[in-house]
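**Student:** Sequence plus predicted model, see below.
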Amino acid sequence: MTQSDTQQIRLTQFAHGGGCACKIPPGELEQMVAGLGGGSAIPSDLASGADSDIELLVGLEYGDDAAAVRLESGTAMILTSDFFTPVVDDPCDWGRIAAANALSDVYAMGGSPVLAINLLGWPRDVLPIELATEVLRGGADIARLAGCHLAGGHSIDDPEPKYGLAVTGVADPDVLLRLENGVAGVPLSLTKPLGVGVLNNRHKSTGEVFPQAVASMTALNRDAARAALAAGVRCATDVTGFGLLGHAYKLARASRLTVRIDPAAVPYLDGAREAVRDGYVSGGTRRNLDWVAPHVRWNGDVAEDDRLLLADAQTSGGLLVAGEIPGAPVIGELLPHQGHELVVG
């Protein structure tokens, strides 16, 4: 197959959904893991020596961005994995986006990624292997930019293309950014504009290319995480498949607070409002809005398009930071619990 042939292949047409919009809906996911506990302890008959000193710091309790343990040395080790179907047609860009998205979970907890491995599902009888090589190349480019080793991984023959990373990072256990660390009276900042979900959905439907969305999704959250730690922030999360409202709700619930969001202060990518207006809203976004609706008090007339954008399923979105950091607009604040986890308007 020639290079021109591969360039004409639209990867998004081989996937039922795209990016983080193809996540299992948040309500179903929480039902799935309910009762599993915060994490599996090491059996007493197997724990010996250093192993017995490994402490689980972050597990399933609040749905944080990754799992974390405290090693005997005192360092926190962070582990996460993330993969999804094509969100754009360009294979290298898809690889870059998927890698940045996976690394983001480590940054969102205040860590630094040190080692990653590839996770690849590929329909080998349908799509040329040259495209898979470009996907892996994109992932390697982002790992290199992050200063994270990328070595090996696992691949399967899959009827639907999927790509991502499993990532290990390190952090100071005393300054982890966690969902339950929110404090009333603190402003809430957002480090990337919203709207990649609706723009990606338009791209999948029409083939239109949106460089502003690709640039946002491939931008690392490293500098934002470092700025948050430098500012003394201890509560943050990244905004991905559950949308801004979904991730803000998880933060509010874990911290037993109310999050107030000013919709007029939330930044959006160019073209996002037009994409919503023209109907390019994913099923994942609508499920996000349905999930949080019982927990939201809408103040004033918040238009349906604005509600959908606030619930837009993001891929490799920014950090939602309980604090102020340079360059990130303040979009709301944390309040004592007021009967709803979210107040919008």
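**Tutor:** Happy to help now that I have it. Residues are numbered from 1 along each chain as shown.
**Student:** Please enumerate the helices of the stretch 151-300 of the chain.
**Tutor:** Here the stretch 151-300 of the chain has its helices, by DSSP state H, counting those that start in this stretch, at 196-206, 211-218, 222-230, 243-255, 272-277, 283-292.
**Student:** ok and the longest one relative to helix 283-292, angle-wise?
**Tutor:** With axes from the mean of the first three to the mean of the last three Cα atoms, to 10 degrees as the criterion, the two stretches helix 243-255 and helix 283-292 enclose an angle of 40 degrees.
**Student:** Out of the helices of the stretch 151-300 of the chain, which gets nearest to residue 337?
**Tutor:** Evaluated over the helices of the stretch 151-300 of the chain, closeness to residue 337 peaks at helix 243-255, with 8.0 Å, by Cβ to Cβ. Heads up, the C-betas are built off the backbone N, CA and C, glycines and all.
**Student:** ok now that closest one, how far from the chain's centre?
**Tutor:** Helix 243-255 has its C-alpha centroid displaced from the chain centroid by 13 Å (Cα atoms, centre = their mean, to the nearest Å).
**Student:** and the angle from that helix to helix 196-206?
**Tutor:** Relative orientation of helix 243-255 versus helix 196-206 (the same axes, to 10 degrees): 140 degrees.
**Student:** What is helix 243-255 packed up against?
**Tutor:** When contacts are defined as 3 or more Cβ pairs under 8 Å, 6 or more residues apart in numbering; DSSP states H and E, helix 243-255 packs onto strand 236-238, strand 257-261, helix 283-292, helix 304-310, strand 319-322, strand 330-336, strand 342-344.
**Student:** Same question for the second one: list its buried residues.
**Tutor:** This means strand 257-261. For strand 257-261, a neighbour-count test (16 or more other Cβ atoms under 10 Å) marks 257, 258, 259, 260, 261 as buried.
**Student:** and which of the residues you listed is nearest to residue 91?
**Tutor:** residue 261 (35.9 Å).
**Student:** What sits closest to that closest one if chain neighbours are left out?
**Tutor:** Excluding the flanking residues, the one nearest residue 261 by Cβ to Cβ, 6 or more residues apart in numbering is residue 332, at 4.1 Å.
**Student:** now do the same end-to-end measure for stretch 170-184.
**Tutor:** In terms of Cα to Cα, to the nearest Å, the two terminal residues of stretch 170-184 are separated by 28 Å.
**Student:** So for that stretch, mean pLDDT?
**Tutor:** The predicted model gives stretch 170-184 an average pLDDT of 96.
**Student:** what's the distance between it and the middle of its chain?
**Tutor:** Distance of stretch 170-184 from its chain centroid, counting by Cα atoms, centre = their mean, is 17 Å.
**Student:** What score does the residue nearest the centre of the chain have for pLDDT?
**Tutor:** Closest to where the C-alpha atoms of the chain average out (Cα atoms, centre = their mean) is residue 240, at 3.4 Å. Residue 240 carries a pLDDT score of 95 in this model.
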